[in-house]
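sequence plus the predicted model coming up.
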Amino acid sequence: AQSVTQLGSHVSVSEGALVLLRCNYSSSVPPYLFWYVQYPNQGLQLLLKYTSAATLVKGINGFEAEFKKSETSFHLTKPSAHMSDAAEYFCAVSGAGNEKLTFGTGTRLTIIP
Amino acid sequence: KAGVTQTPRYLIKTRGQQVTLSCSPISGHRSVSWYQQTPGQGLQFLFEYFSETQRNKGNFPGRFSGRQFSNSRSEMNVSTLELGDSALYLCASSLYLRRPFSGNTIYFGEGSWLTVV
């Protein structure tokens, strides 16, 4: 069975500050890990994905995440927050040979002007 | 290239009725999956189809069903609607059912907002 835990249901950062959204995973097989973003009244947009090719993954909108097997973590970061980053962020995991995504509970990111 | 298209975007139904939601995947994508999103339960996997066959199913009652057509378009149906079925229903598509292809990304549609009154 696979699962992800997102620490912090709400995170607030000042505009220009570092964004750090935490995700820890549990998987009995090598995992595929994803970060999705959801803007109000919209579907999910893929930010980035980890598929074992590289531990540091760069995504869209300046976001990146680092896969750390020893810590079972896949935290999402962005060096400088922008007002347009305000949204809900979901970490998700799937296993090889399976299209099913298991999502975390989400983290709502608020940007303080 | 058009994304995943879901119709209708918004609908209101009465308890006890049934509803059918439609999803057109990205052109060339053969795998379609459905998710339910609610404030209380978050995002939960409903089912997944590939080549017109259900390949995976989540933990939902039999009132929730789906199908996939030969052109990969998919529908999901909820019968005997309950108030708790009010949710955002998201459809997602991808190229392949099986990984480890790194290009096998799952893309989501905008969702169908269902309100049951």
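Looks like it came in fine. Numbering: from 1, shown residues only, chains lettered A, B, ... in the order given.

switch to C-alpha atoms for all contacts and neighbour counts from now on
OK.

so A:Cys23 is in contact with A:Leu7, correct?
Yes: counting by Cα atoms under 8 Å, A:Cys23 does reach A:Leu7; the two are 6.5 Å apart.

those two: who's more crowded?
A:Cys23 (24 against 16; other Cα atoms under 10 Å in any protein chain shown).

secondary structure class for the more buried one?
Using DSSP: H, G, I helix; E, B strand; the rest coil, the structure places A:Cys23 in strand.

residues in contact with the nearest residue to it once chain neighbours are set aside?
Leaving aside its sequence neighbours, A:Cys23 sits nearest to A:Gln6 (Cα to Cα, 6 or more residues apart in numbering or on different chains; 4.6 Å). Listed by Cα atoms under 8 Å, 6 or more residues apart in numbering or on different chains, the contact set of A:Gln6 reads A:21-24, A:90-91, A:104-107.

tell me the phi and psi of A:Gln6?
phi -100, psi 120 (degrees, to the nearest 10).

related to what we said a few turns ago, most neighbours, which of the contacts of A:Gln6?
A:Cys91 leads the contacts of A:Gln6 on contacts (other Cα under 10 Å) with 31 neighbours.

ok, what's across the strand from that residue?
When bridges are called by DSSP bridges, A:Cys91 pairs up with A:Trp35.

what residues sit buried inside stretch B:30-38?
By neighbour count with 16 or more other Cα atoms under 10 Å in any protein chain shown, stretch B:30-38 contains the buried residues B:30-37.

could you do stretch B:21-32 as well?
B:21-27, B:29-32.

ok, now how distant is the spatially most central residue of chain B from B:Gly109?
Central residue of chain B (Cα atoms, centre = their mean): B:Trp34, 2.7 Å from the mean position. For B:Trp34, the distance to B:Gly109 (Cα to Cα, to the nearest Å) stands at 10 Å.

can you list residues touching both of the two?
B:90-92.

secondary structure, distance to chain A and pLDDT added to those residues, as JSON lines?
Shown next, in JSON lines, are the shared contacts of B:Trp34 and B:Gly109 (DSSP: H, G, I helix; E, B strand; the rest coil; distance: Cα to the nearest Cα, whole Å; pLDDT from 0 to 100):
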{"residue": "B:Leu90", "secondary structure": "strand", "distance to chain A": "7", "pLDDT": "97"}
{"residue": "B:Cys91", "secondary structure": "strand", "distance to chain A": "9", "pLDDT": "97"}
{"residue": "B:Ala92", "secondary structure": "strand", "distance to chain A": "9", "pLDDT": "94"}
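
for the chain, which spans come out with low pLDDT?
Picked chain A for this. Where chain A drops to pLDDT under 70, the residues are A:96-99.

hmm, I had chain B in mind actually
Those would be B:1, B:96-104, if you go by pLDDT under 70 across chain B.
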